[in-house]
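[1] Could you work out the structure for the sequence below:
(2 chains)
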Amino acid sequence: MTNETTTEEADAAVAEEQTVSLPDRADGSSSQSSARNVIETRGMSIYYGDFLAVADISLDFAKNEISALIGPSGCGKSTVLRSLNRMNDLIPTARTEGEVNYHGENIYAEGIDPVQVRRTIGMVFQKPNPFPKSIFDNIAWGAKINGYRGSKSDVEDLVREALEAAALWDEVKDKLRESGYSLSGGQQQRLCIARAIATRPDVILMDEPCSALDPIATLRIEELMLELKRDYSIVIVTHNMQQAARVSDKTAFFNVKLDEKGMRTGRLVEYSPTDQLFTSPEEKETEDYITGRFG
Amino acid sequence: MTNAPDINLHFHQELDALEQVVLGVVDRAEQMVEMAVEAVTTGNLELSKQVIDLDDEIDRTYFAVHNDWVHLMARFQPLGSDLRRMSVLLHLNNTFERMGDQCVNIAKITKFNAGLPRVERIVEQIQEMGDLVRPMIRAAIEAYLRQDIEEARLLPAMDQPVDRLNANMYKEIVAVGGDPQQLEWATKMLMASRALERVGDQAVDFAEQTVYLITGERAEFNEAGLDGSADDDSS
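    Numbering: from 1, shown residues only, chains lettered A, B, ... in the order given. I've put the predicted structure just below:
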């Protein structure tokens, strides 16, 4: 496994940690949204230049639930995920239409600070991307550059709390000054989750967080997700349908549709309670995909 | 079914093969019902032994199916209708094995009743129950093979006369009177009646599994042939 962090991921990781101050979660700020939902997309379409990547997505993500996005390669599920905290803004040609309402407030509305959005709606990436710093500083440094002005003991408490929440504290408490790169892949991913937690987000987005991990490390992350959903709402993109079945409350299945010009656009096929989607899906397209009768 | 290419072909081939084995067991059980009723009503000990031997085969198949089922689950972790079919096959493997056990229960009475005086009325009633139960098994098999919900829903109605005959058997035994040997024979035949009634229930259970396989809805048939949610406490 490589520890190289791509420029895009590094930018995004920094962007997600602009500050550790508690975000305004806008709880109940709008009568338009259901109090149960943290994010609601309405007619969301995402373009890369002239290319329509995903079309007309309307999805509700409920508070303290894990929602999974599944589908074949190229169906746009990662694009949808990255639109939920304006991570797509980092791609120059990307353009989002429609609404992504966070507690009723459209995060794409004029005047909304995307950095604030990414702090409130954090992201964990496919490949663990710790900073080239100590385990302690992976959390504390992000806090400091984001304006955290707590005392030394406050910072230590912050680091400990984040590592405990990410189920990593017991494994690293005696080597906090060692490099984050000294950890195993699974530990690095939990360190990244701890780093995201340290900014006190409301929602955590996870883009295939276990695809670079072995089965044991994967199970630990899955266990962690189930713990985290008590305090956070989680949206996960995964290629592993069994993982979606194990951890999520609701699952959205996306598929690729060809238009008359041969353009491949991702569309939402079905969004159902996970138990239902994986045993008795409503749509034949979903059934064909989950049983492998798919081409 | 679908015209989409099957990228899970090996799993589906193995699942089809496993299904054939399980359905082979219920075919055999249907045959065993006929043999067991024939044996117990005619006192044919050789036929009775054949039923017991056939059940040994069913027991071996039961374990083999269970083993294959576990391996299929571990290797492929199926979802959707494949998962429902796996669930149904595991359930049916158990149900059909118990059908075989009931046939053995009937066949063994042949030996216990050897030399005891028969009561023709009771013999005829056991034969009638056998004649009612075997078509139930056949109808349940056909409903499964054709994925026919309507045919599956017929099973509870087919089971009603079997239940009535079983309930009536007590009266027949009381009517036997005071001959101890005839009473001993008749009491054993009550066990045969009860076993046939259970086989009828198992055929209904088979049909309920077929409905679940097709619809994804767990349902339990009531006597009218309609079904209620299996999750409903009142059912």
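
[2] use CA for all of it now, contacts and neighbours both
    Will do.

[3] For residue 174, what is the enclosing helix or strand?
    Defaulting to chain A. Assigning secondary structure by DSSP states H and E places residue A:174 outside every helix and strand.

[4] oops, I was thinking of chain B
    Assigned by DSSP H and E, residue B:174 falls in helix B:155-176.

[5] Check which helices and strands that helix is in contact with.
    For helix B:155-176, the packing partners by 3 or more Cα pairs under 8 Å, 6 or more residues apart in numbering or on different chains; DSSP states H and E come out as helix B:120-146, helix B:180-215.

[6] Select, out of the ones you listed, the one closest to chain A.
    Among the helices and strands packed on helix B:155-176, helix B:180-215 comes nearest to chain A, with 7.8 Å by Cα to the nearest Cα.

[7] Show me what secondary structure element comes after the closest one.
    Next along the chain from helix B:180-215, counting by DSSP H and E, comes strand B:219-221.

[8] and among the helices and strands packed on helix B:155-176, the most buried is which?
    Using mean count of other Cα atoms under 10 Å in any protein chain shown, the stretch among the helices and strands packed on helix B:155-176 with the greatest mean number of neighbours is helix B:180-215 (a mean of 22).

[9] Show me what counts as buried in the helix or strand harbouring residue A:216.
    Per DSSP H and E: residue A:216 is located in helix A:215-228. Judged by neighbour count (16 or more other Cα atoms under 10 Å in any protein chain shown), helix A:215-228 contains these buried residues: A:217-222, A:224-226, A:228.

[10] pLDDT on the helix holding residue B:174, on average?
    For helix B:155-176, mean pLDDT rounds to 95.

[11] Dump that helix to CSV, restricted to CA.
    The C-alpha trace of helix B:155-176 is given here as CSV (Å, rounded to 0.1, in the frame of the first residue of the first chain):
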residue,chain,number,x,y,z
LEU,B,155,-53.2,-26.1,-0.8
PRO,B,156,-55.0,-25.0,2.4
ALA,B,157,-58.4,-26.0,0.9
MET,B,158,-56.9,-29.4,-0.2
ASP,B,159,-55.7,-29.9,3.4
GLN,B,160,-59.1,-29.4,5.0
PRO,B,161,-60.6,-32.9,4.3
VAL,B,162,-57.3,-34.4,5.6
ASP,B,163,-57.7,-32.5,8.8
ARG,B,164,-61.3,-33.6,9.1
LEU,B,165,-60.5,-37.3,8.5
ASN,B,166,-57.8,-37.1,11.2
ALA,B,167,-60.1,-35.5,13.7
ASN,B,168,-62.7,-38.2,12.9
MET,B,169,-60.2,-41.0,13.5
TYR,B,170,-60.7,-40.6,17.3
LYS,B,171,-64.4,-41.4,16.8
GLU,B,172,-63.6,-44.4,14.7
ILE,B,173,-61.3,-45.7,17.5
VAL,B,174,-63.9,-45.2,20.2
ALA,B,175,-66.4,-47.1,17.9
VAL,B,176,-64.0,-50.1,17.8
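
[12] Can you give me the buried ones in that helix?
    Buried, per 16+ other Cα under 10 Å, within helix B:155-176: B:155-163, B:165-166, B:169, B:172-173, B:176.

[13] Next, residue A:122: secondary structure please.
    Taken by DSSP: H, G, I helix; E, B strand; the rest coil, the conformation at residue A:122 corresponds to strand.

[14] Do I have it right that it meets residue A:207?
    No - in this structure, residue A:122 is not within contact of residue A:207 by Cα atoms under 8 Å, at 11.0 Å.

[15] on that earlier part again, let me have the helices and strands packed on helix B:155-176 in CSV, extended by distance to chain A and mean pLDDT.
    Shown next, in CSV, are the helices and strands packed on helix B:155-176 (distance: least, Cα to the nearest Cα, whole Å; pLDDT from 0 to 100):
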stretch, distance to chain A, mean pLDDT
helix B:120-146, 18, 98
helix B:180-215, 8, 97
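
[16] Now do stretch B:127-144: distance to the chain's middle.
    9 Å (Cα atoms, centre = their mean, to the nearest Å).

[17] And the residue of the stretch 51-200 of chain A closest to chain B?
    Residue nearest to chain B within the stretch 51-200 of chain A (Cα to the nearest Cα): residue A:72, separated by 12.9 Å.

[18] Now do the same contact list for that residue.
    A:239, A:254-256 (Cα atoms under 8 Å, 6 or more residues apart in numbering or on different chains).

[19] how does it look with 6 Å?
    If you count contacts by Cα atoms under 6 Å, 6 or more residues apart in numbering or on different chains, residue A:72 has none.

[20] Now it. Its backbone dihedrals?
    For residue A:72, the backbone dihedrals (degrees, to the nearest 10) come out as phi -70, psi 170.

[21] distance of it from residue A:269?
    Residue A:72 sits 12 Å away from residue A:269, going by Cα to Cα, to the nearest Å.

[22] Look up the closest residue to residue B:137, ignoring the ones flanking it.
    Distances taken as Cα to Cα, 6 or more residues apart in numbering or on different chains place residue B:203 nearest to residue B:137, at 5.4 Å, with adjacent residues excluded.

[23] Please look at that neighbour and residue B:138 and confirm they touch.
    No - with contacts counted by Cα atoms under 6 Å, residue B:203 stays clear of residue B:138, the gap being 8.8 Å.

[24] do you know how far residue B:117 is from residue A:180?
    Residue B:117 is 88 Å from residue A:180, by Cα to Cα.

[25] And for residue B:189?
    77 Å.

[26] swap in residue A:40?
    In terms of Cα to Cα, residue A:40 sits 35 Å off from residue A:180.

[27] Quick check: residue B:105 is in a helix.
    Yes - using three-state DSSP, the secondary structure at residue B:105 is a helix.

[28] ok, how many other residues are close to it?
    20 (other Cα atoms under 10 Å in any protein chain shown).

[29] For it, give its distance to residue B:205.
    20 Å.

[30] so where's chain A shaky on pLDDT?
    A:1-35, A:146-147, A:295 (pLDDT under 70).

[31] at 50 instead, please
    Residues of chain A that meet the criterion pLDDT under 50 lie in A:1-7, A:10-11, A:14-23, A:26-32.

[32] And the strands in it, which stretches?
    Per DSSP state E, chain A carries strands over the ranges A:37-48, A:51-62, A:66-70, A:94-102, A:105-106, A:121-124, A:203-207, A:233-237, A:250-258, A:264-273.

[33] just checking, which of those strands sits deepest inside the structure?
    Among these, ranked by average contacts under mean count of other Cα under 10 Å, first place goes to strand A:121-124 (a mean of 28).

[34] can you list contacts of that one?
    Under Cα under 6 Å, 6+ apart, the answer for strand A:121-124 is A:85, A:196, A:201-206.

[35] Given that strand, what are its sheet partners and their directions?
    strand A:203-207 (parallel) (DSSP bridges).

[36] So what's the residue count around residue 89?
    Since you didn't name a chain, this refers to chain A. Neighbours of residue A:89 (other Cα under 10 Å): 14.

[37] nope, chain B
    23.

[38] part of a helix, is it?
    Yes - assessed by three-state DSSP, residue B:89 belongs to a helix.

[39] and the residue most central in space within chain A, bridged to which residues?
    Nearest to the geometric centre of chain A sits residue A:205, at 1.1 Å (Cα atoms, centre = their mean). Judged by DSSP bridges, the bridge partners of residue A:205 are residue A:123, residue A:235.

[40] for residue A:57, same thing?
    Going by DSSP bridges, residue A:57 forms beta bridges with residue A:44.

[41] and if you look at the one 4 residues further on?
    In this entry, residue A:61 is beta-bridged to residue A:39, by DSSP bridges.
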